[in-house]
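Undergrad: next comes the sequence, and after it the predicted model I'd like to discuss.
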Amino acid sequence: MTLPSVQSIVLPLLELAGDGETWRRSDAVEVRAERFELTEADRQIMSGRLTRFYRRVGGH
């Protein structure tokens with residue numbers, strides 16, 4: 001699977017943020033990766049020092 005675009009991540013991330021829970025960024029990234037059914041290989045594609053998916057969800 002290819003990584004979802006930033007635009008396709010936004011709504012699911014906002015839904016997660018609006019559920020009333022307090023989320024650590026790393027947990028939100030994991031939940032979103034599961035939602036998009038990313039493989040372990042997809043999750044590990046790097047962009048600089050962070051994974052590309054982490055950056056797209058909200059990393060710096």
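TA: That came through, no problem. Numbers count the residues shown, from 1 in each chain.

Undergrad: got a list of what the closest residue to Ile9 other than its chain neighbours touches?
TA: Nearest non-adjacent residue to Ile9, counting by CB to CB, 6 or more residues apart in numbering: Arg56, 5.6 Å away. Heads up, the C-betas are built off the backbone N, CA and C, glycines and all. Residues near Arg56 by CB atoms under 8 Å, 6 or more residues apart in numbering: 3-6, 9.

Undergrad: select only the buried ones of the residues you listed in PyMOL?
TA: Entered in PyMOL, the line below selects the buried ones among the contacts of Arg56, by 16 or more other CB atoms under 10 Å:
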select buried, resi 3+4+9
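
Undergrad: switch the contacts of Arg56 over to JSON lines; also include secondary structure, pLDDT and distance to Ala28.
TA: Output for the contacts of Arg56, formatted as JSON lines (DSSP: H, G, I helix; E, B strand; the rest coil; pLDDT from 0 to 100; distance: CB to CB, whole Å):
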{"residue": "Leu3", "secondary structure": "coil", "pLDDT": "82", "distance to Ala28": "16"}
{"residue": "Pro4", "secondary structure": "coil", "pLDDT": "86", "distance to Ala28": "14"}
{"residue": "Ser5", "secondary structure": "coil", "pLDDT": "86", "distance to Ala28": "17"}
{"residue": "Val6", "secondary structure": "helix", "pLDDT": "82", "distance to Ala28": "14"}
{"residue": "Ile9", "secondary structure": "helix", "pLDDT": "86", "distance to Ala28": "10"}
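
Undergrad: check which residues of stretch 23-34 are buried.
TA: Neighbour-count burial for stretch 23-34 flags 28-30, 32-33 (criterion: 16+ other CB under 10 Å).

Undergrad: give me the distance between Thr2 and Phe53.
TA: From Thr2 across to Phe53, the span is 11 Å (CB to CB, to the nearest Å).

Undergrad: neighbour-wise, which of these two wins?
TA: Phe53 (22 against 7; other CB atoms under 10 Å).
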